[in-house]
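>>> sequence unknown, structure follows:
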């Protein structure tokens, strides 16, 4: 991981986080079996750079690699940006996921995991999954996440502004 993209720096870029979020690790956010309360439902990676870049996306599911792909994303033109969405059959189960995104030229990296999401969320409510969005800029990769009502993002009501989990303040 690049020196400027530490876990703490990465979590600080999430727009839903409020100051004082560091004390949430003591909340009981897993069920009795020790499994995460929600699964991973969707990943998106957007290129906000003016130039084309390659985004390497790696996903570990339960500690094992399940997705390792490189995607070429065109540079931004006016108000148009290139994006890739990852939705796979292995998503949705309540196991630990870790997502790593690396952009080339210049190289920047970011990671996000199920435990990061659980440290920031007090109550997932009716959400079954979470959605992670990575935005590649010239200097870093920003990330945001949101809850999803269902783990099937093809549903028109699967994500939206009303689907955000309640955060512990």
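Here it is on my side, so go on. Note that this is a predicted model, so its numbers are computed, not measured.

>>> By mean pLDDT, which helix or strand of this structure comes out lowest?
strand 166-167 (a mean of 30; mean pLDDT, DSSP states H and E).

>>> element containing residue 116?
helix 114-120 (DSSP states H and E).

>>> elements contacting that helix?
When contacts are defined as 3 or more C-beta pairs under 8 Å, 6 or more residues apart in numbering; DSSP states H and E, helix 114-120 sits against helix 7-12. Any C-beta I mention is one placed from the backbone N, CA and C, and that applies to glycine too.

>>> which regions of this protein lie under the pLDDT threshold?
1-35, 153-169 (pLDDT under 70).

>>> Kindly state the beta-bridge partners for residue 99.
Beta-bridge pairing for residue 99 (DSSP bridges): residue 59, residue 112.

>>> In space, what's closest to residue 72 - neighbours in sequence excluded?
residue 54 (5.3 Å; C-beta to C-beta, 6 or more residues apart in numbering).

>>> what sits against that neighbour?
Residues in contact with residue 54 (C-beta atoms under 8 Å, 6 or more residues apart in numbering) are 70, 71, 72, 73, 103, 104, 105.

>>> Provide the secondary structure category for it.
Following DSSP: H, G, I helix; E, B strand; the rest coil, residue 54 is assigned to strand.

>>> Give me the distance between it and residue 98.
Separation of residue 54 from residue 98 (C-beta to C-beta, to the nearest Å): 20 Å.

>>> what does residue 119 give?
Distance, residue 119 to residue 98, using C-beta to C-beta: 14 Å.

>>> sorry, back to before: residues of the very next helix or strand once past the helix holding residue 116 that come out buried?
Sequence-wise, the next helix or strand downstream of helix 114-120 (DSSP H and E) is strand 121-123. Residues residue 121 are the ones in strand 121-123 that count as buried (16 or more other C-beta atoms under 10 Å).

>>> Could you do stretch 101-119 as well?
For stretch 101-119, by 16+ other C-beta under 10 Å, it's 101-103, 108-114, 116-119.

>>> Run a quick neighbour tally on the nearest residue to residue 60 once chain neighbours are set aside.
Nearest non-adjacent residue to residue 60, counting by C-beta to C-beta, 6+ apart: residue 98, 4.4 Å away. Neighbour count of residue 98, defined by other C-beta atoms under 10 Å: 18.
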